[in-house]
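Novice: next comes the sequence, and after it the predicted model I'd like to discuss.
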Amino acid sequence: MKDLSKKKNDLDRARVKIFRALADPLRLKILYSLRDGEKYVTEMIPLLKTVQPLISRHLKILKECGLVSCRKEGNKRPYWVTDRRIFEIIDMVGEDFVKSITKYAEEELL
């Protein structure tokens, strides 16, 4: 029973870490920019319209939870999404879903 409880706790902690990583608009934009394949940070700068240190900081967070990975190529690193199923999860939170939960959230405030 303890093993099952520990596995559930470990899974819950992993889920929290992943959802926290997804909870930032820039990190979502980084993932979207990697949707069509690997990119270097220098390629992301014009796409994301932000500076390299900020992109690198957010890539580190995405990497720490396993959503992206990279390899070293000289002094550059191409980044890619490790498991494309993350886009299915992100896409599930579409306009219909947001409208639905927003409606319930507004009702709770009344």
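Specialist: Looks like it came in fine. Numbering: from 1, shown residues only.
Novice: any idea which residue sits dead centre in the chain?
Specialist: The residue lying closest to the centre of the chain (C-alpha atoms, centre = their mean) is Leu22, at 3.9 Å.
Novice: and the longest helix along the chain, what does it pack against?
Specialist: The single longest helix within the chain, with elements called by DSSP state H, is helix 2-22. Helices and strands touching helix 2-22, by 3 or more C-beta pairs under 8 Å, 6 or more residues apart in numbering; DSSP states H and E, are helix 25-33, helix 52-64. (Glycine included, C-beta is placed from N, CA and C.)
Novice: low-confidence stretches in this protein?
Specialist: 1-2, 109-110 (pLDDT under 70).
Novice: now Leu22: how far from Leu4?
Specialist: In this view, Leu22 and Leu4 are 27 Å apart by C-beta to C-beta, to the nearest Å.
Novice: just Ile101 next, same as before
Specialist: Distance of Ile101 to Leu4, given as C-beta to C-beta: 31 Å.
Novice: these two: which is more packed in?
Specialist: Between Ile101 and Leu4, counted using other C-beta atoms under 10 Å, the more crowded position is Ile101 (11 against 8).
Novice: element containing the more buried one, please.
Specialist: Assigned by DSSP states H and E, Ile101 belongs to helix 95-109.
Novice: report the beta-bridge partners for the closest residue to Arg77 other than its chain neighbours.
Specialist: Using C-beta to C-beta, 6 or more residues apart in numbering and skipping the chain neighbours, the partner closest in space to Arg77 is Cys70 (4.2 Å). Cys70 has the following beta-bridge partners by DSSP bridges: Tyr79.
Novice: residues touching Cys70, list them.
Specialist: For Cys70, the contacting residues are Leu59, Lys63, Arg77, Pro78, Tyr79, Trp80, by C-beta atoms under 8 Å, 6 or more residues apart in numbering.
Novice: so which of the residues you listed wins on neighbours?
Specialist: Using other C-beta under 10 Å as the neighbour test, these are led by Tyr79, with 23 neighbours.
Novice: as JSON lines, the helices and strands packed on helix 2-22 with distance to Arg15 would be great.
Specialist: Putting the helices and strands packed on helix 2-22 into JSON lines (distance: least, C-beta to C-beta, whole Å) gives the following:
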{"stretch": "helix 25-33", "distance to Arg15": "16"}
{"stretch": "helix 52-64", "distance to Arg15": "15"}
